[in-house]
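predicted model and sequence below, questions to follow.
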Amino acid sequence: MMDVPLSCVSSSAFRFAVAVLAALAVVVTVWAVLAGPQSVGAYLLAGYALAMLLNVVMPHVLATMVLRRYMPGLLTALALNLPVTILLLRSSFAQGYVSFPTFAYYGVAVCVALATSIPVLFRIGEKVGSSSTPFHRR
């Protein structure tokens, strides 16, 4: 996996990556709702929720502790991502939308896919953000 230090990522590239990942979350949510319990969409959504839950700890909480200073996004991660993802995962299991061990497979796959997509999205975001018009030539 390619490591891209966050300090090297422009705000436009970061916003691009967040927008793509948010759009992906919406698509997966609609898929899960339409397909119902035990569907691929339900497992992808649960895997996405797991990735967002892990994202609370790494990098937000962990970086804040290691660096001994506020990591941007920590408050949002703790106030929104943590309770929402825990609620979503608990409800998914309680209502039979997902179950083990299938969730474990999808959860790992989705977490790996999202983590490896982030540097790629940053690079695409840099290229998109650097062009001033849709027909910009290099």
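All right, it came through fine. Quick caveat: nothing in here was measured; it's all calculated off a predicted structure.

which sections of the chain are below the confidence cut-off?
For the chain, residues meeting the criterion pLDDT under 70 lie at 1-7, 131-138.

try 50
Flagging of the chain using pLDDT under 50 yields the residue ranges 1-6, 133, 136-138.

which ones are touching the residue nearest the centre of it?
Nearest to the mean C-alpha position of the chain, by CA atoms, centre = their mean, lies Met52 at 5.3 Å. Applying CB atoms under 8 Å, 6 or more residues apart in numbering to Met52 gives the contacts 81, 84-85. The way it works is simple: take the backbone N, C-alpha and C, and place the C-beta from them, glycine included.

check Ala32 too.
Each residue near Ala32 by CB under 8 Å, 6+ apart is listed here: 39, 41-42, 44-45, 97.

ok, longest helix in the protein?
Using DSSP state H, we find that the single longest helix of the chain is helix 102-130.

I'd assumed Leu50 was in contact with Gly107.
Yes - Gly107 is in contact with Leu50 according to CB atoms under 8 Å; the separation is 4.5 Å.
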